[in-house]
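Colleague: Provide a 3D model corresponding to the input given below.
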Amino acid sequence: MEQSKNEANLNLDELARYARHISLPEIGITGQKNLKTSSVACIGTGGLGSPLLIYLAAAGIGRIGIVDFDVVEYSNLQRQIIHTTNSIGLLKTDSAKQHILKINPSCQVDLFNQKLTSGNALEILRTYDVICDCSDNFPTRYLINDACIILKKPNIYGSIARFEGQVSVFNLKEDSPNYRDLIPTPPPQELIPSCSEAGVMGILPGIIGTIQAAEAIKIITNIGFPLNGRILIFNALKMSFKELTLKSSPENRNISKLIDYTSFCAEVKVKNEVDLNIKSISVKELKTLLSQASKETLLIDVRNQIEHHECSISGSRLIPLNTIESGESINEIKILASQKNLYVFCKSGKRSLRALGLLKKRGIQGTNIEGGIEAWNKENIN
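Modeller: Residues are numbered from 1 along each chain as shown. From the prediction side, this is the model:
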């Protein structure tokens with residue numbers, strides 16, 4: 001719901017609160033009023049959503065919608081700065097709202113304690129001026145993208161992985177690029193470790209989420225040059241930024257309805273499993289194999305050292321994925337696997353599949369353990 005002209009006027013408290021914005025000629029009173037009457041929807045209240053929501057609230061955005069269905073856990077606190085130790089166990093949306101209202105009590109906060117789906121996305125996002133994609137998975141990113149195309153909403157995209165992040169603004173204008181121009185088809189999910197598997201530098205989402213917030217403010221106040229048609233890539237290890245140009249393809253804007261995005265991404269998974277042509281084995285089959293032919297079996301764990309020490313399969317050898325990616329451990333594995341059958345596992349089966357793909361290029365054949373240590377533990381508990 002849009003605010004009336006009188007409601008858009010700034011009171012004395014607001015004039016004091018936003019004085020440093022108002023003193024900027026590019027923003028001024030008019031720009032601050034635009035922020036007050038604007039609305040932003042944020043999908044995801046994690047690493048990216050946390051700084052974005054904090055800074056949008058502080059900037060004076062009048063209405064913020066938050067979409068998330070998760071609860072706060074201890075492992076979130078290293079990077080999800082909108083939540084605190086006292087938030088453990090709370091819905092992330094409730095925790096975020098509490099923090100936002102402490103920063104800016106006049107901000108209207110709408111909560112959607114649910115997963116964004118093809119069935120609710122258009123209804124939820126329809127009334128917001130700007131959409132911020134702070135999600136962490138491909139089905140949701142495609143869903144947000146397509147919903148923004150249908151609703152003609154700008155989509156401020158951010159993503160992170162380990163030490164690197166990227167930001168862009170999609171669908172800002174009629175001929176602007178969108179997420180499908182960046183990634184036309186979903187990458188194979190089995191080769192993409194989750195944040196919990198690959199890790200992430202805690203400060204990284206703070207930097208990327210803050211850049212997303214800056215883009216939202218620029219778009220709403222109509223200043224500067226948003227990242228329209230540009231991808232900004234940040235590397236925390238090198239402390240460097242680089243920019244890539246992204247061109248728009250008319251066929252990628254031809255979206256008229258939302259689809260089942262989980263199936264859309266899963267179809268690519270099946271295709272890539274065939275392309276990789278890597279054998280797999282269930283944990284139940286592995287259990288039988290180890291009881292019958294353990295001496296002929298080479299079992300490699302490609303997780304990190306901490307994960308391996310916490311829990312692993314008896315008799316397995318730790319060779320982290322990063323040492324395979326760098327080539328450091330290739331000769332060692334080649335020697336070890338020369339007279340034994342190689343089986344590789346990780347937490348869920350993603351990193352191990354990537355490891356086997358890299359090993360196959362070096363002439364080393366192996367078998368992936370489906371479901372990884374998670375499936376192994378479940379099988380042995382049952």
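
Colleague: correct me, but G199 touches A161?
Modeller: No. Taking contacts as Cβ atoms under 8 Å, G199 lies outside contact range of A161: 9.3 Å. The way it works is simple: take the backbone N, C-alpha and C, and place the C-beta from them, glycine included.

Colleague: wait, T85 touches L77, no?
Modeller: Yes. Using Cβ under 8 Å, T85 is in contact with L77, at 6.6 Å.

Colleague: which intervals of this structure have sub-threshold pLDDT?
Modeller: Applying pLDDT under 70 to the chain flags residues 1-7, 188-198, 267-276, 381-382.

Colleague: where's the most centrally placed residue in it relative to I208, distance?
Modeller: Nearest to the geometric centre of the chain sits D136, at 2.2 Å (Cα atoms, centre = their mean). Using Cβ to Cβ, to the nearest Å, D136 is found at 12 Å from I208.

Colleague: tell me the secondary structure of G165, please.
Modeller: Assigned by DSSP: H, G, I helix; E, B strand; the rest coil, the conformation of G165 is strand.

Colleague: so what's it closest to, chain neighbours aside?
Modeller: Leaving aside its sequence neighbours, G165 sits nearest to I208 (Cβ to Cβ, 6 or more residues apart in numbering; 3.8 Å).

Colleague: which helix or which strand is home to the one you found?
Modeller: I208 is part of helix 204-221, with elements assigned from DSSP states H and E.

Colleague: tell me the domain ranges of this protein?
Modeller: 38-265, 277-381 (automatic domain parsing).

Colleague: quick check: I330 touching A355?
Modeller: No. I330 sits out of contact with A355 when judged by Cβ under 8 Å, with a separation of 10.7 Å.

Colleague: so for the two, which sits in the more crowded spot?
Modeller: Neighbours per residue (other Cβ atoms under 10 Å) separate I330 from A355, with A355 holding more: 29 against 19.

Colleague: ok, that one - contacts?
Modeller: Counting by Cβ atoms under 8 Å, 6 or more residues apart in numbering, A355 makes contact with 300, 302, 321, 324, 344, 346.

Colleague: report how many residues lie close to the residue nearest to the last one when sequence neighbours are not counted.
Modeller: Right, C346. Leaving out its chain neighbours, the residue that sits closest to C346 by Cβ to Cβ, 6+ apart is S352, at 4.3 Å. Neighbour count for S352, taken as other Cβ under 10 Å: 30.

Colleague: give me the buried positions along the helix or strand where S352 lies.
Modeller: S352 is part of helix 350-361, with elements assigned from DSSP H and E. Neighbour counts using 16 or more other Cβ atoms under 10 Å place 350-357, 359 of helix 350-361 among the buried residues.

Colleague: can you name every helix or strand that the helix or strand following that helix contacts?
Modeller: Going down the chain from helix 350-361, the next helix or strand is strand 367-369, by DSSP H and E. Helices and strands touching strand 367-369, by 3 or more Cβ pairs under 8 Å, 6 or more residues apart in numbering; DSSP states H and E, are strand 279-281, strand 341-345, helix 350-361.

Colleague: buried residues, the second one. List them.
Modeller: Neighbour counts using 16+ other Cβ under 10 Å place 342-345 of strand 341-345 among the buried residues.

Colleague: list the strands paired with that strand, with their directions.
Modeller: Strand 341-345 has its sheet partners listed here by DSSP bridges as strand 297-301 (parallel), strand 367-369 (parallel).

Colleague: and the residue in the chain sticking out farthest from the centre, what helix or strand is that in?
Modeller: The outermost residue of the chain relative to its centre, with distances by Cα atoms, centre = their mean, is Q292 at 42.2 Å. Per DSSP H and E: Q292 is located in helix 283-293.

Colleague: name the helices or strands packed onto that helix?
Modeller: Judged by 3+ Cβ pairs under 8 Å, 6+ apart, the packing partners of helix 283-293 are strand 297-301, helix 372-381.

Colleague: after the shortest one comes which helix or strand?
Modeller: Past strand 297-301, further along toward the C-terminus, the next helix or strand under DSSP H and E is helix 305-310.

Colleague: so what are the sheet partners of the helix or strand following that next one and their directions?
Modeller: The helix or strand immediately downstream of helix 305-310 is strand 317-318, counting by DSSP H and E. As defined by DSSP bridges, the strand partners of strand 317-318 come to strand 297-301 (parallel).

Colleague: which one of the helices and strands packed on helix 283-293 lies nearest to Y142?
Modeller: Distance to Y142, taken as Cβ to Cβ, is lowest for helix 372-381 among those, at 25.7 Å.

Colleague: contacts for that closest one?
Modeller: 282-284, 286-287, 301, 303, 307, 311-313, 345-350, 352, 369, 371.
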